[in-house]
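**Student:** have a look; sequence and predicted model below, questions after that.
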2 protein chains.
Amino acid sequence: MDIEKEIAERGENINLLLESYLPEEVGYQKRIFEAMNYSMLAGGKRLRPMLMRESYHLFGGSSQAIMPFMAAIEMIHTYSLVHDDLPAMDNDEFRRGKKTTHAVYGEAMGILAGDGLLNFAYETAATAFEMEPENPAIGKALLVLTKKAGVYGMVGGQVVDVEGEKNLDDVEMTRERLDFIYRLKTGALIESSMMIGAILAGASEEDVDKMEQIAAKVGLAFQIQDDILDVIGNQEELGKPIGSDEKNNKVTYVTFEGLEKAKEDVARLSQEAVQLLESIDADTEFLKELILYLIHRTK
Amino acid sequence: MDIEKEIAERGENINLLLESYLPEEVGYQKRIFEAMNYSMLAGGKRLRPMLMRESYHLFGGSSQAIMPFMAAIEMIHTYSLVHDDLPAMDNDEFRRGKKTTHAVYGEAMGILAGDGLLNFAYETAATAFEMEPENPAIGKALLVLTKKAGVYGMVGGQVVDVEGEKNLDDVEMTRERLDFIYRLKTGALIESSMMIGAILAGASEEDVDKMEQIAAKVGLAFQIQDDILDVIGNQEELGKPIGSDEKNNKVTYVTFEGLEKAKEDVARLSQEAVQLLESIDADTEFLKELILYLIHRTK
């Protein structure tokens, strides 16, 4: 399997799906629609909806109800980037070589576009009730989506990350604190993606739990690989200056564990994730390749 | 009926309900919990959950599933205030005589506490699925909640309001534009409250539509009364300087229509709302008194 080609093709497919869910740029509130669509179409791997769809197919899901959830998880991911980039947060003018949303539309619109996207994510996910009003799996999926995105999930991770960066509470970064940030800020939405795919396909509770465990390992390995790439990556491939974490005095997994141990841990986590995945009685081939590709990527 | 006393008592009751839904202030992300709870407990009339509960009882609703939705609507209202007050938005340091959330916890935490509350609103509403997994009314209520809060509802109104205030697009305020802002920024959550009460109680589609129409009139009259009070109100009762709209060059309903016409319109709208309400075959007494009190309040 040419995994890169396969991922690119599926990503294009997901882009079409996302576009079909974006708001039309008309009405008095036209400007927020433009800002939302700008941020949604600024690129990205579409990793989360891709993992969601694959997890769904893994358990034999075949209805349309997965589609609004795929759009919703990418909207939530995107809103979090828009707010992370704001002047009061990371104050980034560029992301993936493009101007950030607030840099184009102003700070007030950056805040509102993020709010708009977060709310629109749930508005979109909720349309699944119109498709299948009697399907109790949709309520379950929504519970997971909201929980993993919120203060006990991604937002919780953002808070602790920002506190550390701004040293708001005079906190010292510990290994436990870093684990917490990685698990919530990066891991939670990946867990959500894989769990929702399984839930909507009608997987057993045991299998949904298994998907959560697999996703947690994938999320952590993905984030550690990010730290490794910041030290050893090829600046051109990566699209950002290497060594930027060190320059920003950012404490990472590599700071605590060193480069070799970090690499070992990525290898171990990905092996564990694949083993768990293979214990599921289904065709796990593409999902396995996707996970290994994501974890071992060089950019 | 001593309506003020009655409202105060029911408000206290709602405060207890809200408190039971707020997050415990523990964990690495303790600070965001503090900021969220600070903003939720900074006072307010609890108008939206009160209207929701009354609309629910009106149609004979009697289960617990209304409770998470009552908490959710107040969380959405509160997040919108927290973000409205941010430096990049209205830049307010005080609200109802108390420091605003960002003034106490910093700008980054103001943004995240708002995000956290918006997400927690849906997380909370979604717990109704755990109570009644097979009840399709919950999915319907969630559709209304998300839609009325978002870019076609409250957030849409905020955007157009902010654009006008900051004159971002060199737009001229027209009567139609002002109507749009009032309908979305103020009206949408009131509509949502009364519709969700009816939906969860199992009201007919016709009655849910009627509640939406009543709420739209209440929301508009409420907002026009706000503009009137800014001109003629008693500064002490109101808790903010009168004439502040004029000083801020804020174009209001009174600017377009004059004081007398504005007063007439409030009277007409409230009469229409009450007439519609009385066409419902149920005990509408308290809801009627509540609506009249809210519209004709002097503070």
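**Tutor:** Received, thanks.
**Student:** could you use CA atoms for every contact and neighbour count after this?
**Tutor:** OK.
**Student:** the helix or strand where residue A:157 lies near chain B at all?
**Tutor:** Under the criterion of DSSP states H and E, residue A:157 resides in helix A:154-166. Yes - using Cα under 8 Å from any Cα of the partner chain, we find that helix A:154-166 touches chain B at A:155-157, A:159-160, A:162.
**Student:** residues in contact with that helix?
**Tutor:** Helix A:154-166 is contacted from outside by A:89, A:148-151, A:169, A:171-173, A:180-189, A:250, B:28-29, B:32, B:108-109, B:112, B:115-116, using Cα atoms under 8 Å, 6 or more residues apart in numbering or on different chains.
**Student:** circling back: could you dump the residues of helix A:154-166 next to chain B to a markdown table with pLDDT and neighbour count?
**Tutor:** Listed next are those as a markdown table, based on pLDDT from 0 to 100; neighbours: other Cα atoms under 10 Å in any protein chain shown:
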| residue | pLDDT | neighbour count |
| --- | --- | --- |
| A:155 | 98 | 26 |
| A:156 | 98 | 28 |
| A:157 | 97 | 28 |
| A:159 | 96 | 24 |
| A:160 | 96 | 27 |
| A:162 | 92 | 18 |
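**Student:** residue furthest from the geometric center of chain A?
**Tutor:** residue A:28 (31.4 Å; Cα atoms, centre = their mean).
**Student:** check whether the helix or strand hosting residue A:140 contacts chain B.
**Tutor:** Remark: residue A:140 resides in helix A:136-149, with elements defined by DSSP H and E. Yes - using Cα under 8 Å from any Cα, we find that helix A:136-149 touches chain B at A:136, A:139-140, A:142-143, A:146-147, A:149.
**Student:** what's that helix packed up against?
**Tutor:** Here helix A:136-149 touches helix A:188-200, helix B:107-131, going by 3 or more Cα pairs under 8 Å, 6 or more residues apart in numbering or on different chains; DSSP states H and E.
**Student:** which other helices and strands does the shortest one contact?
**Tutor:** What that stands for is helix A:188-200. For helix A:188-200, the elements it packs on are helix A:47-58, helix A:66-84, helix A:136-149, helix A:205-232, judged by 3+ Cα pairs under 8 Å, 6+ apart.
**Student:** nearest to residue A:36, out of these?
**Tutor:** Judged by Cα to Cα, the one of those that comes nearest to residue A:36 is helix A:66-84, at 8.5 Å.
**Student:** list of residues touching that closest one?
**Tutor:** By Cα under 8 Å, 6+ apart, helix A:66-84 touches A:17-18, A:21, A:39-40, A:46, A:48-50, A:52-53, A:56, A:89-91, A:100-102, A:110-111, A:113-115, A:117-118, A:120-122, A:124-128, A:145, A:149, A:189, A:193, A:197, A:200, B:111.
**Student:** quick one, phi psi at residue A:63?
**Tutor:** Phi and psi for residue A:63, reported as degrees, to the nearest 10, are phi -100, psi 180.
**Student:** quick one: residues contacting the residue farthest from the centre of chain A.
**Tutor:** Contacts of residue A:28 (Cα under 8 Å, 6+ apart): B:160, B:177.
**Student:** ok so it is a strand residue?
**Tutor:** No - applying DSSP: H, G, I helix; E, B strand; the rest coil, one finds residue A:28 to be coil, outside a strand.
**Student:** what residues does the stretch 1-150 of chain A have near chain B?
**Tutor:** Within reach of chain B by Cα under 8 Å from any Cα, the stretch 1-150 of chain A has these residues: A:28-29, A:32, A:83, A:88-89, A:107-109, A:111-112, A:115-116, A:118-120, A:122-123, A:126-127, A:129, A:133-136, A:139-140, A:142-143, A:146-147, A:149-150.
**Student:** number of nearby residues for residue A:35?
**Tutor:** 25 (other Cα atoms under 10 Å in any protein chain shown).
**Student:** give me the distance between the closest residue in space to residue A:121 that isn't next to it in sequence and chain B.
**Tutor:** Leaving out its chain neighbours, the residue that sits closest to residue A:121 by Cα to Cα, 6 or more residues apart in numbering or on different chains is residue A:72, at 4.2 Å. According to Cα to the nearest Cα, to the nearest Å, residue A:72 and chain B sit 12 Å apart.
**Student:** residue A:72 and residue B:16: what is the separation?
**Tutor:** 33 Å (Cα to Cα, to the nearest Å).
**Student:** more neighbours, these two?
**Tutor:** residue A:72 (27 against 10).
**Student:** what's around residue A:2, how many residues?
**Tutor:** Number of residues near residue A:2 (other Cα under 10 Å) recorded here: 7.
**Student:** with residue A:258 instead?
**Tutor:** For residue A:258, using other Cα under 10 Å, the count is 12.
**Student:** which pLDDT value belongs to it?
**Tutor:** pLDDT, residue A:258: 95.
**Student:** what helix or strand is it located in?
**Tutor:** Per DSSP H and E: helix A:253-278 holds residue A:258.
**Student:** so which bits of the very next helix or strand once past that helix are buried?
**Tutor:** Sequence-wise, the next helix or strand downstream of helix A:253-278 (DSSP H and E) is helix A:285-296. For helix A:285-296, the neighbour count (16 or more other Cα atoms under 10 Å in any protein chain shown) marks A:287-292, A:294-296 as buried.
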